[in-house]
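Asker: turn this into a model:
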Amino acid sequence: ILGMSASQIIANFPGDLFVTLVGITYLFAIAQKNGTIDFLVHYAVRLVRGHIAAIPWVMFAVAATLTAVGAVSPAACAILAPVALQFARQYGISPLMMGLLVIHGAQGGGFSPISIYGGITNQVVARSGLPVDETTLFLASLVYNLLVSVGVFFWFGGARLLRQRQA
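Answerer: The predicted structure is shown next:
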């Protein structure tokens, strides 16, 4: 239809990004199935030692870390949301706050230079001949999502959580 041969189409296909996407998706599917993600989340929550206000921030940090090392944001949210909402119910935390911190954490880590979105964005910018600063892109996204999350935290009852401690 476009007048391109099969070899031209294949030559323009971003095979390196495809292999990275498939590999990372497979890696995180294994980590989810074998319980590694659940173990890490439960261990991180145990580290807060009764500081209930820290639990949403643990979820933010875990989501940001997962996407920063390569998980796709929707996958990180799908992996963490059920666990985060279970903690929200268990500790009386707003489920909306918990969900939003997971989402913003996933988006905050999403433009890491080694993540899928960061890799794609940086390659597109470089191919366009524009100056690329991978670290600035990553930190801008992380800081922006962190600031939004601070607002979400206080809007949905974070001040009450700061005064609360698990017995």
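
Asker: for the rest of this, base every contact and every neighbour count on C-alpha atoms.
Answerer: Will do.

Asker: so where do the helices sit in this structure?
Answerer: Using DSSP state H, the helices found in the chain span residues 6-11, 15-33, 36-47, 55-68, 73-91, 95-109, 116-127, 134-155, 158-163.

Asker: which of the ones you listed has the lowest average pLDDT?
Answerer: If you rank these by mean pLDDT, helix 15-33 sits at the bottom with a mean of 71.

Asker: helices or strands up against that helix?
Answerer: Secondary-structure packing of helix 15-33 (3 or more C-alpha pairs under 8 Å, 6 or more residues apart in numbering; DSSP states H and E): helix 116-127.

Asker: which of the residues in the helix it packs on are buried?
Answerer: 116-122 (16 or more other C-alpha atoms under 10 Å).

Asker: and the residue lying farthest from the centre of the chain, how far is that from Ala75?
Answerer: Farthest-out residue of the chain from its mean C-alpha position, per C-alpha atoms, centre = their mean: Gly3, at 40.2 Å. Separation of Gly3 from Ala75 (C-alpha to C-alpha, to the nearest Å) stands at 37 Å.

Asker: ok, Arg49 next?
Answerer: According to C-alpha to C-alpha, Arg49 and Ala75 sit 28 Å apart.

Asker: comparing these two, which residue is more hemmed in?
Answerer: Remark: of Arg49 and Ala75, Ala75 carries more neighbours, 17 against 12, as counted by other C-alpha atoms under 10 Å.

Asker: ok, now which ones touch the more buried one?
Answerer: By C-alpha atoms under 8 Å, 6 or more residues apart in numbering, Ala75 lies in contact with nothing.

Asker: who's in contact with the residue most central in space within the chain?
Answerer: Central residue of the chain (C-alpha atoms, centre = their mean): Ala106, 2.0 Å from the mean position. Applying C-alpha under 8 Å, 6+ apart, we find Ala106 in contact with 60, 63-67, 73, 76-77.

Asker: which of the residues you listed sits closest to Phe156?
Answerer: Nearest to Phe156 among the contacts of Ala106 is Phe60, at 15.1 Å by C-alpha to C-alpha.

Asker: what's the neighbour count on the nearest residue to that closest one once chain neighbours are set aside?
Answerer: Using C-alpha to C-alpha, 6 or more residues apart in numbering and skipping the chain neighbours, the partner closest in space to Phe60 is Gly105 (4.3 Å). A count of neighbours around Gly105, defined by other C-alpha under 10 Å, yields 31.
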